[in-house]
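In: Just need the structure, nothing else, for what follows:
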Amino acid sequence: MELAILVRVQAPEPYVVRDEREAAIGMPMSRIRQPRRVGRRSRSQEAGLTLLELIIACTILLVLASAARPMIQATIVRSREAELRRDLREIRNAIDRYKDMADANAFRTEVGSNGYPPDLETLVKGVTLAGNKHVRFLRRIPKDPMTGRAEWGMRSNQDDPDTTSWGGNNVFDVFSKSDATALDGSKYSEW
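Out: Okay, the predicted model is just below:
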């Protein structure tokens, strides 16, 4: 007894070339395996950030901002201190110019003033010299950058060097009325 095995062989369907790439390789592009993209998200997953990424980014920003804040504050204080030094120098130079001109008898002064101005306003208003020439020593009284007001502590040449009250006779020196401490550890009122 013979067994007959019938195998039906189908002829492959004729291949139709769709574009030049398929013609170049001789088979349909659908049969070629495309390389897998590793580590890439699909387009819908790339649309936004995850909550974890947002929290991490905000935390990093907060740490950087908190580290920069003391430096910014110190810079602001340093600029105020420089402005205070400049204003004190400007007022003291005006007092010295007044004193030099008074010592040269360029204008009349009160007896007992020792040639110093009676107040800071006199430096702004100015004095009239011989020959009707008007001289001003300050444009305006500068604001104390530490207190924010145009009020200064004054000393006359009869006062003690470390006094904080003004005798009212004349203006020999000026100082800040602020009780705060400078970055170098000294008091602003001692400058």
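
In: so where's the chain uncertain?
Out: For the chain, applying pLDDT under 70 flags the ranges 1-18, 21-47.

In: All the helices of it, in order from the start?
Out: 20-25, 51-103, 120-125 (DSSP state H).

In: Which one, of those helices, ends up nearest to Asp162?
Out: helix 51-103 (16.5 Å; CB to CB). From N, CA and C alone the C-beta is placed, and that goes for glycine too.

In: Packing partners of the closest one?
Out: helix 120-125, strand 173-175 (3 or more CB pairs under 8 Å, 6 or more residues apart in numbering; DSSP states H and E).

In: out of the helices of the chain, deepest packed?
Out: helix 120-125 (a mean of 17; mean count of other CB atoms under 10 Å).

In: how much space between the most centrally placed residue in the chain and Thr50?
Out: With distances taken as CA atoms, centre = their mean, Ile72 lies nearest the centre of the chain, 5.8 Å away. Distance, Ile72 to Thr50, by CB to CB, to the nearest Å: 32 Å.

In: same thing with Leu62?
Out: 19 Å.

In: Check Pro70 too.
Out: 33 Å.

In: contacting residues around Pro145?
Out: Residues counted as contacts of Pro145 (CB atoms under 8 Å, 6 or more residues apart in numbering) are Arg80, Glu83, Leu84, Asp87.

In: coming back round to it: can I get the helices of the chain in TSV with distance to Thr164?
Out: Formatted as TSV, the helices of the chain follow (distance: least, CB to CB, whole Å):
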stretch	distance to Thr164
helix 20-25	93
helix 51-103	16
helix 120-125	16
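
In: between these, which one is nearest to Lys143?
Out: helix 51-103 (7.7 Å).

In: How far does the closest one sit from its chain's centre?
Out: From the chain centre to the centre of helix 51-103 is a distance of 8 Å (CA atoms, centre = their mean, to the nearest Å).

In: And for Thr122, nearest residue in space, chain neighbours not counted?
Out: Excluding its sequence neighbours, the residue lying closest to Thr122 (CB to CB, 6 or more residues apart in numbering) is Tyr98, at 7.6 Å.
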